[in-house]
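Visitor: Any chance you could fold what I've pasted below:
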Amino acid sequence: MKLDDAYMDEVEQELFVRAMDRIGRGDKVVGVYCAFTPKELIVAAGGIPASLCGSSAEVIPVAEQHLPRNFCPLVKSSYGLALSDTCPYFHYSDLLLADSTCEGKRKMYEILSEIKPVHLLALPQNADNGQSFRLWLSELYRLRALLERELGNKVTDEKLREAIKQYNQVRQMIVTIFELNKGDIPLLTGCEASIAVDPIGFEVDLPGYVDRMKQVVAFARDRGGVAPRPRILLTGCPTTSKKVLKIIEESALVVAMESCGGLKTVNMVDEDGDPMEALARATLKIGCPCLSPNHRRFENLTNLIREYKIDGVIDLTWQACHLFNIESYSLGRYIQNELDIPFLQIETDYSESDKDWLKVRVEAFVEMLS
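Guide: Next up is the predicted model:
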């Protein structure tokens, strides 16, 4: 096994064929833009979830026909893929689910709705009180009714519990993948771990997703450890572009990632209680800067730093992502002053223009750790 682009292409092609078969039989695709949206509801309604956050720099000029140049590259890439119709996952989506996580995305969804139907979920801005929970629970019930209407299938509590069970297995395997790096000798690079936990396209085969991750665990244990280097925890914006991750791993090792697609969104859902309440509670535990105050991110990072024996923390901020950029100040102060761990913030975009400069900054940071 080799966890590289060829591996991802092979899995993606297999899932694409299976998705086309289901679409041909009348199943519908539901595009998702954020981890706050419970995919369990889509699966329970008989739909195919597809993650749509953009990772391509090539379509950003297309997006800039409508969006400002000094705008978040993740949002521009997502919109550019839609506008250019070059993303098969967007192309086959019948409905788009969007969380109101930031102003940039919210305004992008308005013009995106001219291309595809968009359902906006009103995410509370404070997750620490009962009123926010009740508001979010009502939003999920509204989403449940919408999916039943649009997909033509009843979402029963039994179907929903089965979907929760399947996604909990996925979550547990994501944790298991990263836990391979808890020991003194890590078993996976950050790039390998990122590929291993990536759902890669249409989510039409959750048991197969779990099996692939089990194969990665077996492969990593058989291969043994990777070359020891300073241990980095990568936090911040989603690593939709792997530019920064790859630059870090030229001189260090990303043993854990606290970001969307990493450990930040891995909150187990109660399988025994009311499934809707369980989903609402679990998703509101996501430590995202769109929630204020954002205590959970600080708590999660504290635990990860200790568990993974972290030497340094790097905070990735996509250009014009004001939520993460503002929070980086208090986060850096906390990590350096309270935890006594070196901290580096990197603000960048999807382009390659600053690659050499970023290498210099990262290498200097890693040299300090050594």
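Visitor: Please name the bridge partners of residue 120.
Guide: Beta-bridge partners for residue 120, by DSSP bridges, are residue 98.
Visitor: residue contacts, it?
Guide: Contact analysis of residue 120 by CB atoms under 8 Å, 6 or more residues apart in numbering lists 98, 99, 100, 106, 109. Every residue, glycine included, has its C-beta placed from N, CA and C.
Visitor: Specify which member of those residues is nearest to residue 137.
Guide: Ranked by distance to residue 137 (CB to CB), these are led by residue 99 at 14.7 Å.
Visitor: where along the stretch 251-370 of the chain do the strands fall?
Guide: For the stretch 251-370 of the chain, the strands defined by DSSP state E, counting those that start in this stretch cover 253-258, 312-318, 343-348.
Visitor: For residue 22, find the nearest of the ones you listed.
Guide: With CB to CB as the criterion, residue 22 lies closest to strand 253-258 of the strands of the stretch 251-370 of the chain, at 30.8 Å.
Visitor: Now restrict the contacts of residue 120 to buried residues only.
Guide: Burial by neighbour count, 16 or more other CB atoms under 10 Å: within the contacts of residue 120 this picks out 98, 99, 100, 109.
Visitor: out of the residues you listed, what pair is the most spread apart?
Guide: Using CB to CB, those span at most 9.4 Å, a distance reached by 99 and 109.
Visitor: just to revisit the earlier point, hmm, which of the contacts of residue 120 is lowest in pLDDT?
Guide: Ranked by pLDDT, the contacts of residue 120 bottom out at residue 100, which has 88.
Visitor: check contacts around it.
Guide: Neighbouring residues of residue 100 by CB under 8 Å, 6+ apart: 106, 120, 121, 122, 123.
Visitor: Could you check how far residue 60 is from residue 71?
Guide: In this view, residue 60 and residue 71 are 9 Å apart by CB to CB, to the nearest Å.
Visitor: Residue 241: which element?
Guide: Using DSSP states H and E, residue 241 falls within no helix or strand.
Visitor: Tell me, how many residues neighbour the spatially closest residue to it that is not a sequence neighbour?
Guide: Leaving aside its sequence neighbours, residue 241 sits nearest to residue 350 (CB to CB, 6 or more residues apart in numbering; 4.7 Å). Applying other CB atoms under 10 Å, we find 20 residues neighbouring residue 350.
Visitor: and residue 350, what does it touch?
Guide: By CB under 8 Å, 6+ apart, residue 350 lies in contact with 55, 56, 57, 60, 73, 77, 241, 243.
Visitor: at 6 Å instead, please
Guide: Contact analysis of residue 350 by CB atoms under 6 Å, 6 or more residues apart in numbering lists 57, 73, 241.
Visitor: so which of those residues comes closest to residue 168?
Guide: residue 241 (29.1 Å).
Visitor: what's the distance between that closest one and residue 102?
Guide: Here the criterion is CB to CB. By it, residue 241 lies 18 Å from residue 102.
Visitor: same check, this time on residue 329
Guide: 17 Å.
Visitor: what's the answer for residue 125, then?
Guide: For residue 125 relative to residue 102 (CB to CB), the value is 11 Å.
Visitor: quick one, which of these two is more surrounded?
Guide: residue 102 (21 against 12).
Visitor: My guess is residue 119 contacts residue 99. True?
Guide: No. With contact defined as CB atoms under 6 Å, residue 119 does not reach residue 99; the gap is 10.1 Å.
Visitor: Which among the strands of the stretch 251-370 of the chain is found nearest to residue 33?
Guide: Among the strands of the stretch 251-370 of the chain, strand 312-318 comes nearest to residue 33, with 14.7 Å by CB to CB.
Visitor: Count the residues that sit near the spatially closest residue to residue 285 that is not a sequence neighbour.
Guide: Nearest residue to residue 285, sequence neighbours excluded (CB to CB, 6+ apart): residue 267, at 4.5 Å. As a burial measure, residue 267 scores 17 neighbours (other CB under 10 Å).
Visitor: Next up, phi/psi of residue 267, please.
Guide: Phi and psi for residue 267, reported as degrees, to the nearest 10, are phi -110, psi 120.
Visitor: Check what pLDDT it gets.
Guide: The model's pLDDT for residue 267 equals 95.
Visitor: And it, how far from residue 180?
Guide: To residue 180, residue 267 is 20 Å away according to CB to CB.
Visitor: cool, and residue 215?
Guide: To residue 180, residue 215 is 13 Å away according to CB to CB.
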